[in-house]
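*Asks:* Structure here, sequence nowhere to be found:
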């Protein structure tokens with residue numbers, strides 16, 4: 001065990017470590033715990049301590065760490081050894097090339113969910129092209145259900161100045177985080193935040209939205225204990241537990257969602273890879289949507305299902 005590692009675990013002392021020694025020691029500690037991203041995690045934590053990101057490590061490779069920096073790095077590293085996600089430790093997560101503030105009150109946004117933003121932007125553009133009733137200066141009203149940290153809604157508003165987002169969440173603490181992110185990225189004036197369950201906060205907005213989007217909970221309750229430790233023990237269960245079959249929220253959103261969509265409006269929902277056909281069937285069973293389309297992620301797995309509201313019920317073969 002190196003002198004710096006002894007200092008981390010608290011069973012011996014050593015002289016102040018250099019930046020490279022601290023990086024090597026942190027990497028070894030995390031690696032022994034089976035953390036696959038040990039080197040990257042150590043770099044992120046040490047870069048946070050140095051106040052300028054990971055590049056500061058390599059600009060100051062041989063510099064001795066100040067005592068208070070070494071102590072802070074030790075505390076952050078110990079939090080990671082307990083399984084706490086890096087995003088909660090640093091308070092940051094990149095999504096859609098934007099820096100989002102995150103806390104343990106919200107789900108850590110995943111790269112896979114960027115596909116939902118991409119698909120939604122495509123459907124908005126398709127709507128603008130095919131619907132001649134959309135005026136050139138019209139606003140596209142998009143409902144973001146279960147907004148969490150606001151990653152989806154904020155990204156949409158940042159990408160298109162003609163998008164107005166209505167964001168709902170059951171958690172008031174999550175909405176505080178989302179509001180902070182809207183302010184951080186300069187879109188506060190185009191996002192309305194409302195607390196409540198699913199559609200309850202906007203129940204008077206019938207046939208109002210061009211689109212409804214959501215990354216709802218979809219982990220089967222029987223599989224919750226099998227999740228990686230940093231997800232199972234740290235991320236909010238409210239944002240993960242999708243009920244017995246993982247589709248409780250998809251079912252509710254699809255069964256009620258057409259009421260809030262204007263004719264031709266779209267819905268996009270994130271799914272687990274094995275849920276594509278089941279969610280398409282949910283759209284079909286309601287009888288108010290077009291046939292569901294499955295969207296694949298970069299790994300070729302089912303990741304989203306989208307459909308549009310029909311003016312009249314449609315019969316499928």
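*Replies:* Sure, I can see it. The structure displayed is predicted, hence computed values, not measured ones. Numbering: from 1, shown residues only.

*Asks:* ranges for the helices of the chain?
*Replies:* 3-9, 19-32, 38-50, 55-59, 67-81, 86-90, 114-130, 151-159, 172-184, 229-232, 248-257, 276-286 (DSSP state H).

*Asks:* just the angle between the last one and helix 248-257, please?
*Replies:* This means helix 276-286. Angle, helix 276-286 to helix 248-257, by axes from the mean of the first three to the mean of the last three C-alpha atoms, to 10 degrees: 30 degrees.

*Asks:* List the buried residues in helix 276-286.
*Replies:* Buried residues in helix 276-286, counted by 16 or more other C-beta atoms under 10 Å: 276, 278, 279, 280, 282, 283, 284, 286. Every C-beta, even on glycine, is put in place using the N, C-alpha and C of the backbone.

*Asks:* do the longest one as well
*Replies:* Within helix 114-130, the residues scored as buried using 16+ other C-beta under 10 Å are 114, 115, 116, 117, 118, 119, 120, 123, 124, 127, 128.

*Asks:* other SSEs contacting it?
*Replies:* Counting contacts by 3 or more C-beta pairs under 8 Å, 6 or more residues apart in numbering; DSSP states H and E, helix 114-130 packs against strand 140-145, helix 151-159, strand 209-214, strand 261-270, strand 302-308.

*Asks:* a markdown table please, covering the ones you listed and showing mean pLDDT and distance to residue 199.
*Replies:* Compiled in a markdown table, these are given as follows (pLDDT from 0 to 100; distance: least, C-beta to C-beta, whole Å):
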| stretch | mean pLDDT | distance to residue 199 |
| --- | --- | --- |
| strand 140-145 | 97 | 8 |
| helix 151-159 | 98 | 16 |
| strand 209-214 | 98 | 9 |
| strand 261-270 | 97 | 11 |
| strand 302-308 | 98 | 17 |
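
*Asks:* mind giving me CSV with the ones you listed and columns for distance to residue 110 and mean neighbour count?
*Replies:* What follows is the helices and strands packed on helix 114-130, written out as CSV (distance: least, C-beta to C-beta, whole Å; neighbours: other C-beta atoms under 10 Å):
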stretch, distance to residue 110, mean neighbour count
strand 140-145, 16, 25
helix 151-159, 9, 26
strand 209-214, 14, 25
strand 261-270, 9, 22
strand 302-308, 10, 23
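
*Asks:* Now for residue 232, how many residues are close by?
*Replies:* Counted by other C-beta atoms under 10 Å, the residues lying close to residue 232 total 16.

*Asks:* Pop the domain breakdown of the protein in here.
*Replies:* Here the domain parsing of the chain from automatic domain parsing is 3-82, 94-308.

*Asks:* where in the protein is pLDDT low?
*Replies:* In the predicted model of the chain, residues 1-16, 131-136, 313-317 satisfy pLDDT under 70.

*Asks:* which residue is nearest the middle of it?
*Replies:* Residue closest to the average C-alpha location in the chain (C-alpha atoms, centre = their mean): residue 109, at 2.2 Å.

*Asks:* Kindly provide the distance from it to residue 164.
*Replies:* Separation of residue 109 from residue 164 (C-beta to C-beta, to the nearest Å): 21 Å.

*Asks:* try residue 30
*Replies:* Taking C-beta to C-beta as the measure, residue 30 falls 43 Å from residue 164.

*Asks:* what's the most buried one of the domains of the chain?
*Replies:* domain 94-308 (a mean of 19; mean count of other C-beta atoms under 10 Å).

*Asks:* from the middle of its chain, how far away would that one be?
*Replies:* Relative to the centre of its chain, domain 94-308 is centred 10 Å away, using C-alpha atoms, centre = their mean, to the nearest Å.

*Asks:* re earlier: which residues does the residue nearest to the centre of the chain contact?
*Replies:* Each residue near residue 109 by C-beta atoms under 8 Å, 6 or more residues apart in numbering is listed here: 93, 95, 100, 102, 148, 149, 151.

*Asks:* and which of those residues is nearest residue 216?
*Replies:* For the contacts of residue 109, the residue nearest residue 216 by C-beta to C-beta is residue 148; the value is 10.5 Å.

*Asks:* Isn't the closest one up against residue 176?
*Replies:* No. At 11.5 Å, residue 148 does not count as touching residue 176 under the criterion of C-beta atoms under 8 Å.

*Asks:* distance of residue 43 from residue 292?
*Replies:* Distance, residue 43 to residue 292, by C-beta to C-beta: 42 Å.

*Asks:* Thanks a lot, see you next time.
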